[in-house]
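Q: Give me a 3D structure for the following:
(one chain, ligands or ions: 1)
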Amino acid sequence: MANVTNKRPLSPHLQIYKPIPTMVMSIVHRITGGALAVGTIILAWWLIAAASGKPYFDWISWLLGTWIGLIVLFGYTWALVHHMLGGMRHFMWDMGHGFDKHFTTKMAIALPVVSICLTVVIWIVGLAI
Ligand code: HEM
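A: As a prediction, this is how the structure comes out:
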């Protein structure tokens with residue numbers, strides 16, 4: 001009885017399909033969703049530190065201000081922008097628009113370009129003020 005399941009065919013997975021822009025952006029949407037969950041923990045940690053007193057807040061501010069901290073924060077900003085734009089794409093589909101194959105491909109290609117540009121603009125503005 002145990003051998004019956006051993007001979008069953010496996011369903012095709014990622015390595016079987018040719019990656020296309022819409023597929024890649026779908027995967028990136030899920031990855032950025034996961035990254036946002038981690039980023040939210042960092043945000044909560046920072047807020048807790050702010051409520052805990054100056055020494056702890058100074059320490060976490062120093063940590064997030066290091067090169068590694070800044071790279072993590074930049075990645076968090078990008079994940080938020082990319083996921084938000086991807087989410088808006090989903091809302092458009094939910095309302096029954098934008099299903100044309102060529103249009104979805106164009107949007108999938110534009111998404112990383114727009115999200116990176118927006119993230120850079122946010123950081124330029126953020127560092128300037
Ligand atoms: C900290 C904030 C957020 C977190 C932690 C988060 C997390 C996630 C995760 C983990 C997924 C993947 C679910 C799955 O594939 O099973 C997801 C999907 C989704 N998110 Fe977010 N998200 C956040 C913010 C947003 C925002 C701001 C928007 C819209 C502007 C949005 C719109 C969506 C949509 C539409 C999906 C479903 C995509 C699909 O059906 O494939 N999310 N989110």
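Q: Helix or strand: which one has the residue positioned nearest the centre of the chain?
A: For the chain, Thr32 is the residue whose C-alpha lies nearest the centre (C-alpha atoms, centre = their mean; 2.0 Å). Under the criterion of DSSP states H and E, Thr32 resides in helix 21-52.
Q: tell me the angle the helix or strand just after that helix makes with helix 21-52.
A: The helix or strand immediately downstream of helix 21-52 is helix 54-65, counting by DSSP H and E. Put simply, helix 54-65 runs at 160 degrees to helix 21-52, going by axes from the mean of the first three to the mean of the last three C-alpha atoms, to 10 degrees.
Q: Tell me the first helix or strand C-terminal of helix 54-65.
A: Later in the chain than helix 54-65, the nearest helix or strand by DSSP H and E is helix 67-94.
Q: buried residues in that next one?
A: 72-73, 76-83, 85-86, 89 (16 or more other C-beta atoms under 10 Å). Bear in mind the C-beta positions are built from the backbone N, C-alpha and C, glycine included.
Q: Keep those, but drop any that are not near the ligand.
A: The subset of the buried residues of helix 67-94 within reach of the ligand, by C-beta under 6 Å from any ligand atom, is His83.
Q: which of the buried residues of helix 67-94 lies closest to the ligand?
A: Nearest to the ligand among those is His83, at 5.2 Å by C-beta to the nearest ligand atom.
Q: That concludes my questions; thank you for your assistance.
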